[in-house]
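Undergrad: Sharing a sequence plus its predicted fold:
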Amino acid sequence: MNEQSTTPKGKAFNLEKHIDYAADSVVSKTLIKKEIGTITLFAFDQGQGLSEHTAPFDAVVHILDGTAEITIGGQPQTLTAGEMLIMPANVAHALQAKERFKMLLVMIRSD
């Protein structure tokens, strides 16, 4: 499920509270979508995930709530609220919710 953000610009808001969990689902909310990149909030219910894939540019993941298992290049690692990592371009990665989690994903396109 992907919904365009209705967040007004120029007003403070709490990222973690800006998206809700949905049973047996992955929910995403695009905050900014421009030609140069996107900023998207995600909420993964327990057991949900994104299968292994690659992207042609680096992506920053910031965990807002819960615990995520992120596998990069076949190496799994566990991230908890407050932690972030950079997923390198052109390296296979996957995400799995061992328990439900929320994250902010920032992707900036480059040449």
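TA: Yep, that arrived. Numbering: from 1, shown residues only.

Undergrad: quick one, strands of the chain?
TA: With DSSP state E as the criterion, the chain has strands at 2-4, 26-34, 37-44, 49-53, 59-72, 75-80, 84-87, 93-96, 101-108.

Undergrad: And residue 52, how close does it get to residue 84?
TA: As judged by CB to CB, to the nearest Å, residue 52 and residue 84 stand 20 Å apart. For the C-beta atoms, the positions are set from N, CA and C on the backbone; glycine is no exception.

Undergrad: Leaving out sequence neighbours, find the closest residue to residue 44.
TA: Once flanking residues are discounted, residue 44 sits nearest to residue 97: 3.9 Å by CB to CB, 6 or more residues apart in numbering.

Undergrad: Equivalent analysis for residue 83, please.
TA: residue 63 (5.3 Å).

Undergrad: In contact with that neighbour, which residues?
TA: For residue 63, the contacting residues are 79, 80, 81, 82, 83, 84, 101, 102, 103, by CB atoms under 8 Å, 6 or more residues apart in numbering.

Undergrad: Great, nothing more from me.
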